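J.: make a model of this:
(one chain, ligands or ions: 2)
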Amino acid sequence: MGKIQVLDTVTIDKIAAGEVIERPASVVKELAENAIDAGATAIVVEIQDGGISLIRIADNGCGIAREEVPNAFLRHSTSKIRSVEDLVHIGSLGFRGEALSSIAAVSQVELITKTGEQTFGTRYRIDGGRKVDIEDTGARDGTTFLIRQLFYNVPARRKFLKTPMTEASHVGDLMTRLALSHPEISFQFINNGQSKLHTSGNGSLKDVIYHVYGREIASNLLRSEFSSQGIRITGFLGKPLISRGNRNFENYFINGRYVKNQIVSKAIEDAYKDFSMQHKYPFVVLHMEIDGEGVDVNVHPAKMEIRFHNQQEVYNRVYEAVNKGLHAEELIPHVELDA
Ligand code: ADP
Ligand code: MG
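T.: Ligands and ions are numbered 1, 2, ... in the order given. Got it, this is the predicted structure:
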C-alpha cells in the first residue's frame, strides 16, 4: 500500500459522478430538474446517438449570472438550500449540489446562459472537470447545456452503456414522466432530429396522458381527488380494463418528484385487487403531496428513493384514495374476472 493522500477534486468528482450519473438518461434527469427548479415553462431535450455523443437541453428559466457560473460547477454548490433544516420544507427537486460537478467530470460541457438582468449571455466550457474558457455571447434568457462524449474519460463506464437505441428509450421514458409530473411545463424531446414528444404545457394532466398514451387510455380514466391527514392525492386512475402486464404504467409523483416506492406501489395494487385480473398492473398517474415532515427525500444521490416517517399511514391513505376513486363510478368487478 502507498502513502495515504487526499484525492484531488477532479478525481473526487469523477468518483462521485458514479452515484449520480449512470447513463444519458441520468444526465437529462438532472439537467431537466434544474430547468424545472429554474422556473422554466418550456424545456427542449435533444439527443444524438442515444445521448452518448450529444445531449442538448434548453430552458427558458431564470438563467445563471455570469459571476455565478464557475461556482455552479463546484461540488456541493447549490442555490437551493443553506442548511439541513431547509430540507424539511424543500420546494425544489435539487438540493445536493452534485449534478453539474458530476456531469462536468465525465463529459465535455458547454453552457450558454443569460439572466433577465444581463445584456449579454455567458458561454462556459468545461472538459473532464477542467475549465476551458468563459466568454460573452448573444443568448436568450434561460439556459442551454450541451453535453458531449459522455464518459469519454471513464472507459469502464462507457463500456456499460447499452446501444444508442436502448439509451434513447430510457431518455424517452424519462421525458414521459417529466411531462406527466409537470403538465404546466411544455416538454419537447427530439431524438436524432425527430420530434418524439411535444406537450403543450397548458396545465392539463389529461391532455398530457392523451398525448403520451393515446386515446384508448385517455378515454378510460377515473379522476382521483383525495385529501386526508396531511396527504393530498390528485390525478387519474385507469379503469381496470386497461390494466397492463407490467408495472411501467404505475406513475406516481411525490411532491413533484418521480419516485419508486414499495409501500405506495403495494397500496395502489392492493386497492385494484378486487377489480383487476391477477398478474395485471394498474394504469395510474397520481400526484401526491405529503407534508415535508412526513417524507425524507435525502436517501440516495439519485433521489429516486424516499422514506416515509409513517409507512402504515401512507399505505392506508393511498389505499383509501385509490379504493374510493375506483368505487366512485359504481364499478362492479369487471366481467373479465370470471372468465
Ligand atoms: P442542485 O440542483 O442540487 O442545486 P446542481 O449541481 O444541479 O445542484 O446545480 C448547481 C446550481 O446551478 C443550482 O443550484 C442552480 O443555482 C444552478 N443551475 C443549474 N442549472 C440551472 C438552470 N438550468 N437554470 C438556472 N440555474 C441553474
Ligand atoms: Mg440539480
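J.: next, residue 211: phi, psi?
T.: Backbone geometry at residue 211, expressed as degrees, to the nearest 10, gives phi -60, psi -40.
J.: tell me the pLDDT of residue 288.
T.: Residue 288 carries a pLDDT value of 96.
J.: tell me the residue of the stretch 51-200 of the chain that sits nearest ligand 2?
T.: Across the stretch 51-200 of the chain, no residue is closer to ligand 2 than residue 94, which sits at 2.9 Å (CB to the ion). The way it works is simple: take the backbone N, C-alpha and C, and place the C-beta from them, glycine included.
J.: ok, that residue - how many residues close by?
T.: Counted with other CB atoms under 10 Å, the neighbours of residue 94 add up to 20.
J.: same thing with residue 290?
T.: For residue 290, which is what you asked about, the neighbour count (other CB under 10 Å) is 19.
J.: now do the same contact list for it.
T.: 230-231, 254-255, 308, 314 (CB atoms under 8 Å, 6 or more residues apart in numbering).
J.: same question, residue 299
T.: So residue 299 contacts 305-307 (CB under 8 Å, 6+ apart).
J.: let's verify it: helix, strand, or coil?
T.: Using DSSP: H, G, I helix; E, B strand; the rest coil, the secondary structure recorded for residue 299 is coil.
J.: same thing with residue 10?
T.: helix.
J.: apart from its neighbours in sequence, what residue is nearest it?
T.: residue 129 (4.2 Å; CB to CB, 6 or more residues apart in numbering).
J.: one more: residue 137?
T.: In this structure, residue 137 finds its nearest non-sequential neighbour in residue 123, 4.2 Å apart by CB to CB, 6+ apart.
J.: need the buried ones from the contacts of residue 299 selected in ChimeraX.
T.: If you want just the buried ones from the contacts of residue 299 in ChimeraX, going by 16 or more other CB atoms under 10 Å, the selection is:
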select :306
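J.: follow-up on the earlier one: surely the residue nearest to residue 10 touches residue 100?
T.: No - taking contact to mean CB atoms under 8 Å, the distance of 10.5 Å between residue 129 and residue 100 leaves them out of contact.
J.: with adjacent residues omitted, what lies nearest to whichever residue of the stretch 201-339 of the chain sits closest to ligand 2?
T.: Residue nearest to ligand 2 within the stretch 201-339 of the chain: residue 303 (9.2 Å; CB to the ion). Nearest residue to residue 303 in three dimensions, chain neighbours excluded: residue 297, at 6.0 Å (CB to CB, 6+ apart).
J.: what about that neighbour, how many neighbours?
T.: Counted by other CB under 10 Å, the residues lying close to residue 297 total 20.
J.: what do you get for the one 5 residues further on?
T.: Residue 302 has 15 neighbouring residues, counting by other CB under 10 Å.
J.: isn't it right next to residue 23, touching?
T.: No - Residue 302 lies out of contact with residue 23 (CB under 8 Å); the separation is 11.3 Å.
J.: follow-up on the earlier one: what number of residues lie near the residue nearest to residue 10?
T.: Should you count by other CB under 10 Å, residue 129 turns out to have 24 residues around it.
J.: ligand 2 contacts on the stretch 51-200 of the chain?
T.: Proximity of the stretch 51-200 of the chain to ligand 2 is confined to 94, 99 under the rule CB under 5 Å from the ion.
J.: which SS class is the closest residue to ligand 1 within the stretch 51-200 of the chain?
T.: Taking CB to the nearest ligand atom as the measure, the point where the stretch 51-200 of the chain comes nearest ligand 1 is residue 94, at 2.3 Å. When states are read from three-state DSSP, the local structure at residue 94 comes out as coil.
J.: what about it, distance to residue 216?
T.: In this structure, residue 94 and residue 216 are 36 Å apart, going by CB to CB, to the nearest Å.
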